[in-house]
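>>> Quick one, structure for this:
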Amino acid sequence: MRFQVGGNSFFDVFIIQGGANTNVGPHAMSSQGGLGDGVRVLLNGQPFDNSAGCIQGAVDFNTTSPNFPSVAHNLVELEVHLTGSPGGCYSPEAAFWSATLPRVLPLNPGASARLLRAAPGGTSQSFVVSQSFVNIATDGSTIVTPTAQTTDHFQCHGAHITKATPPFIPLKGVTLVDQFGALTVNVNRVSSLCAPTDKNNEDATAPLHPDHLTTYGIALPKPAPRIAPVAHQTIVNQFGTLVVDVLRPVRLLVPSAKSLTGSPPAPINPSVDHFACYAVRVSKGTPRFSVIKGVTVQDQFEASTVNVTRPTMLCAPANTNNESPGADTHVDHLMCYAVVAQRGAPKFSTISPAFVSNQFGQETLDVVTRGQLCAPSLKNP
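Residues are numbered from 1 along each chain as shown. Now for the predicted structure:
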C-alpha cells in the first residue's frame, strides 16, 4: 500500500504474513490479524526507520468479516499512527492517503463498491482502493475527508481541428453555474483534449476509462462586467496544499467520447462533470508552489515522466445550460498544472486523427503537444 505526506513524501508499505491464518481478522486496536505479521516500509524508495511503531499492519484469510458475510476473502489492515503515544509519529504537513493493491483489477470498473479480482498472471497492475485527505492539527485533532473517487487525473494535450475537416462553430450564450457564481460565456475554439491518466502507478485502469474532457476556450460576451477575483482559496490534493486567488474564466471542460478509428457516439451519462476553469495565481503572503519532479503519467496517448512546474487554472464542477442541476455542489475540483518532460524523456508524438464527440458536436483533432496535468482536488476542505 502507498500513502503520501505533504507534496513529496511517499511511503510504500509491504505487509508480511508471519504466521498461519487465524480467520478472526485484524484487531482494530492492535493490528493482530495473524500471529507474527509485520511490515516493511520504504520512504521515497529507501528503508524507513519504523522502530517507533508508527506503521503497523496485518493480513489474514477471513470468512467472518461483517463486511462480506460468509464470503472467503483476504483481509488486510494498515494502521498509521501519525499522532499520540506510545509509538506515535507526527507531521505538520497535510497528508494525502492513497492505498493501492498490486495485481488486482476492479470486478466492475463502473461500480461504486470496490470488489476486486486478480489481474491476469504476470501483470503488475495496481488499483486504488482508498483515498482520503488527512489534516492533523498541533493539538492532535484530526480531520479525514475521503475523496469521492469518481474523478480521474487528466493529462490535457494541446489539440486543434484537423485540416480539411469541418471547423468548430463558436457557440454564444452558454450558461454556467459553479461554486463561484453564474456566468454566460461564448465558447470559441478547441484548445486541448484531456485523457484519463494513471499518475505514479496509482490506478492502472485509468487509461482504459472512456470519458475524456475536451477543452474549449471561453470568453465573456462584450460588454460584460469585470469579474472580481476570489482571493485565498485553499486547494488540497496529492501535490500538497496551495492557497490561490481565482481570476477570470478561461476554459470549459466538456465530457467527451474519443476514438482513433471513427466518430463515436457522444456520452449519454458521463461519469465526469463539466468544469468551468479559472486562471489562478498563488495568493500573496502564502507559500509558493514547489516544483515536483519525476511524476510518471500514462494515458491512452503516451507514457512519460514529467516535472510539475506551476499551477495554471482551477476547474470547478459546473451546471452547463441547466443540464445538470446540482453539479455546482460537487466537491471534486480539478487543479491543473503546467508540466515539462524530464530530460531524456521521449518527445510527444502527434496523434492524428482523434475523433471526439460531445454535446457540442463532433470534431476531428490533431493532438500535438503535452500540456497540463489536472489533479482531483478539494477546495476549502
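>>> My read is that residue 200 contacts residue 295, right?
Yes: the criterion here is CB atoms under 8 Å, and residue 200 meets it with residue 295 at 6.2 Å. (Each C-beta comes from the backbone N, C-alpha and C, glycine too.)
>>> Poorly predicted segments of the stretch 101-250 of the chain, please.
Regions of the stretch 101-250 of the chain meeting the criterion pLDDT under 70 cover residues 101-150.
>>> Could you rerun that using 50?
Across the stretch 101-250 of the chain, the ranges flagged by pLDDT under 50 are 107-115, 148-149.
>>> Just the strands from it, written as ranges.
104-106, 116-118, 126-136, 142-146, 153-161, 171-178, 181-199, 212-219, 230-237, 240-259 (DSSP state E, counting those that start in this stretch).
>>> Parallel or antiparallel, which strands does the fifth one pair with?
Spelled out, that is strand 153-161. Using DSSP bridges, strand 153-161 pairs in its sheet with strand 181-199 (antiparallel), strand 361-379 (antiparallel).
>>> Surely residue 211 is in contact with residue 267?
Yes: using CB under 8 Å, residue 211 is in contact with residue 267, at 6.1 Å.
>>> got any residues that touch both of those two?
255-257 (CB atoms under 8 Å, 6 or more residues apart in numbering).
>>> Specify the beta-bridge partners of residue 77.
residue 58.
>>> ugh, typo on my part, it should be residue 161
Under the criterion used (DSSP bridges), residue 161 bridges to residue 365.
>>> What degree of burial does residue 46 show, as a neighbour count?
Using other CB atoms under 10 Å, the number of residues around residue 46 comes to 6.
>>> Quick one: residues contacting residue 352.
Counted by CB under 8 Å, 6+ apart, residue 352 has contacts 162, 365-367.
>>> which one of the shared contacts of residue 211 and residue 267 sits closest to residue 350?
Nearest to residue 350 among those, counting by CB to CB, is residue 256 at 19.1 Å.
>>> Please list all residues in contact with that closest one.
Taking CB under 8 Å, 6+ apart, one finds 193, 211-214, 266-267, 356-358 in contact with residue 256.
>>> quick one: which of the residues you listed is most hemmed in?
Counting by other CB under 10 Å, top hit in the contacts of residue 256: residue 213 with 30 neighbours.
>>> Do I have it right that it meets residue 251?
No: Residue 213 lies out of contact with residue 251 (CB under 8 Å); the separation is 9.8 Å.
>>> any idea how far residue 206 lies from residue 334?
From residue 206 across to residue 334, the span is 14 Å (CB to CB, to the nearest Å).
>>> who has more neighbours, those two?
residue 334 (28 against 23).
>>> Which strand or helix spans the more buried one?
strand 333-341 (DSSP states H and E).
>>> hey, C-alpha coordinates of that strand in PDB?
C-alpha atoms of strand 333-341 as PDB (Å, rounded to 0.1, in the frame of the first residue of the first chain):
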ATOM      1  CA  HIS A 333     -12.500  20.000  -8.500                       C
ATOM      2  CA  LEU A 334      -9.500  19.800 -10.800                       C
ATOM      3  CA  MET A 335      -6.300  21.800 -10.300                       C
ATOM      4  CA  CYS A 336      -4.300  22.000 -13.400                       C
ATOM      5  CA  TYR A 337      -0.500  22.400 -13.600                       C
ATOM      6  CA  ALA A 338       2.000  23.100 -16.300                       C
ATOM      7  CA  VAL A 339       4.300  20.100 -16.900                       C
ATOM      8  CA  VAL A 340       7.600  19.600 -18.700                       C
ATOM      9  CA  ALA A 341       9.100  16.300 -19.700                       C
END
